[in-house]
Structure formats: structure tokens, C-alpha cells
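> Just a sequence and a predicted model for now, questions to come.
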Amino acid sequence: MSVEADIRPGEVAVPLPGRGDAEVFFIGRIRTPWPDRKSCPKHGDPVAGPVCRIEVFEPWTAALAGIEANAEIDVLYWMHSARRDIVRQQPRSAGTTFGAFAIRSPVRPNPIAASRVAFLGLDRGVLLVRGLDCIDGTPLIDLKPLSCPAARSTT
């Protein structure tokens, strides 16, 4: 199937630049129960959603020191299966088009996503969390606590 067949009426695609401006290191891989975009929830549920695993690669596991002090963590990830060329999109339920930056679609020039998850545990470089909404095998870009340990210190 051609790429043009993936465009809904009213949507607009643009040519992609020949090269990127920055380098991103994938620091891990996200493991979820969803094999494809259609099976993913639109938003993760940090209370009742399934437990997912975030596998952090070496040498980045040393950066996890102290993360267990957080009840919630922001997870940034790369939606590697998403198209990057559509700038105006028509969500299935909308009946009209919107710019890619006006909606939370995974289709965007830089397919970076963020989810706030409930932190459940850490075991040898693997975080257990609840609240993700991405396909299994999604590359991990970064983890960010809601506050840093220095801000929580009482000394």
C-alpha cells in the first residue's frame, strides 16, 4: 500500500528534510501488552492500566539511582512507527482537520511522546510502571521525576 493511501480527505503531507538537526540516544525499550497502534489506548491509566516494563540499557542504568523516591515519573519516548510527514490531520471522530501541533496524534514531525506514569518498582534496570499508552518495543528517550531529590531534602 502506498503512503498516499494512508492520508484521509483534507489531510496534508509535506516532504521531509534530508537530515536531522540533533542526535537522540535511545536509553531503553518500553514493554507493553499492545503490539500495534490500533490496540493502544488513547491515554494510559496510571490507576487501573496494565503494569508495563521500562528496560533501561547499560550504561544508563546508573542514572536510575534515587528514582524509587518518586510516586510518578514522566516518560519520554519515540513513536518509531508513526508517520512524520502529515502536518494537517483529520482525527477519526472530529470530522475536520487540525494542525499536528493542535492534537495529541502520534503523527508529527518529531514523534516524541510523554506519559506521566505511576512508579511501582525497580529491579536491576527495569522499572515497573502503570499508565503507558505506547506499542510494545517503543524506544525510550528519557525519564523525568516530578521533582529532584535536592528539592525534597530537609537538610
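Yep, it's here. Numbering: from 1, shown residues only.

> Please count neighbours and contacts with C-alpha atoms only from this point.
Will do.

> next SSE after the longest strand belonging to the chain?
In the chain, with assignment by DSSP state E, the single longest strand is strand 112-123. Counting by DSSP states H and E, the next helix or strand C-terminal to strand 112-123 is strand 126-130.

> Please list the residues outside that following strand that contact it.
With contacts defined as CA atoms under 8 Å, 6 or more residues apart in numbering, strand 126-130 is touched by 44-56, 117-122.

> Could you pull up the mean pLDDT of that strand?
For strand 126-130, mean pLDDT rounds to 98.

> Mind listing the strands it pairs with, and their directions?
strand 51-56 (antiparallel), strand 112-123 (antiparallel) (DSSP bridges).

> Format the ones you listed as TSV; extra columns: mean pLDDT and distance to residue 8.
Output for those, formatted as TSV (pLDDT from 0 to 100; distance: least, CA to CA, whole Å):
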stretch	mean pLDDT	distance to residue 8
strand 51-56	98	32
strand 112-123	96	22
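
> where in this protein is pLDDT low?
1-5, 149-155 (pLDDT under 70).

> Do you have the strands of this structure handy? List them.
12-13, 28-31, 51-56, 72-78, 86-89, 98-99, 112-123, 126-130, 138-145.

> Reformat these as TSV; add mean neighbour count.
As requested, these are exported to TSV (neighbours: other CA atoms under 10 Å):
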stretch	mean neighbour count
strand 12-13	15
strand 28-31	21
strand 51-56	22
strand 72-78	20
strand 86-89	21
strand 98-99	15
strand 112-123	17
strand 126-130	21
strand 138-145	19
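
> Mind putting those into CSV with distance to residue 21?
Below are the strands of the chain laid out as CSV (distance: least, CA to CA, whole Å):
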stretch, distance to residue 21
strand 12-13, 20
strand 28-31, 22
strand 51-56, 25
strand 72-78, 16
strand 86-89, 19
strand 98-99, 22
strand 112-123, 15
strand 126-130, 31
strand 138-145, 16
